[in-house]
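**Q** coordinates only, sequence not included:
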């Protein structure tokens, strides 16, 4: 039985080293619960716990396996919910699509003539973006005017004055 525990422990450590270098290739989108970090953590804990209990406790072999398995499952769940899931949820990207700006509120930075183009500043995530804009209502919008993006067409934001009543 001790050989099984040593094999799981060594395999888990080896797999952990492999995931450091090739972790992106091993990720699965459809089985998110079985992330390599969680599985490897569980296998390694199963092996390590089995080694320790076999050596230092008077428990029977089946009890050692059962208890090691239980601890491994708990540790895998903790790794997943306390580390993996939080890190995935915390990922933040500064990239955006211009079509996502429809409905956003911003401010005119370069005056927009009634029949021409100007520029607006809109907050996106953790930063701001300057975009080419035209008046949706065909009215002149001076710099500093608060606007709302009505539609996005041909890489141009069509904006209207935001009434703050």
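**A** Looks like it arrived, so ask away. Remember, predicted model here, so these are calculated numbers, not experimental data.
**Q** residues near residue 120, how many?
**A** Around residue 120 there are 27 other residues, counting by other C-beta atoms under 10 Å. Any C-beta I mention is one placed from the backbone N, CA and C, and that applies to glycine too.
**Q** Isn't it up against residue 104?
**A** No. Residue 120 lies out of contact with residue 104 (C-beta atoms under 8 Å); the separation is 9.5 Å.
**Q** Pop the domain breakdown of this protein in here.
**A** With domains defined by automatic domain parsing, the chain comprises 2-90, 98-161.
**Q** Let's have the ones you listed in JSON lines, adding mean pLDDT.
**A** Output for these, formatted as JSON lines (pLDDT from 0 to 100):
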{"stretch": "domain 2-90", "mean pLDDT": "82"}
{"stretch": "domain 98-161", "mean pLDDT": "92"}
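**Q** quick one, phi psi at residue 135?
**A** The phi/psi pair for residue 135 (degrees, to the nearest 10) reads phi -80, psi 130.
**Q** how many other residues sit next to it?
**A** Neighbours of residue 135 using other C-beta under 10 Å come to 22.
**Q** Quick check: it vs residue 163, distance?
**A** As judged by C-beta to C-beta, to the nearest Å, residue 135 and residue 163 stand 15 Å apart.
**Q** quick one on the thing from earlier: can you pull the residues that touch both of residue 120 and residue 104?
**A** Contact with both residue 120 and residue 104 is made by residues residue 149, according to C-beta atoms under 8 Å, 6 or more residues apart in numbering.
**Q** what about residue 42, is that helix, strand or coil?
**A** With DSSP: H, G, I helix; E, B strand; the rest coil as the basis, residue 42 sits in helix.
**Q** So it is in contact with residue 80, correct?
**A** No. Counting by C-beta under 8 Å, residue 42 stays clear of residue 80, with 9.4 Å between them.
**Q** out of the two, which sits in the busier spot?
**A** residue 42 (24 against 21).
**Q** Give me the residues contacting the biggest helix by length in the chain.
**A** Criterion DSSP state H: the longest helix present in the chain is helix 2-26. For helix 2-26, contacts defined as C-beta under 8 Å, 6+ apart pick out 36-37, 39-41, 43-51, 54, 68.
**Q** in this protein, which spans are strands?
**A** Using DSSP state E, the strands found in the chain span residues 105-110, 117-124, 127-135, 146-153, 156-161.
**Q** Lovely, talk soon.
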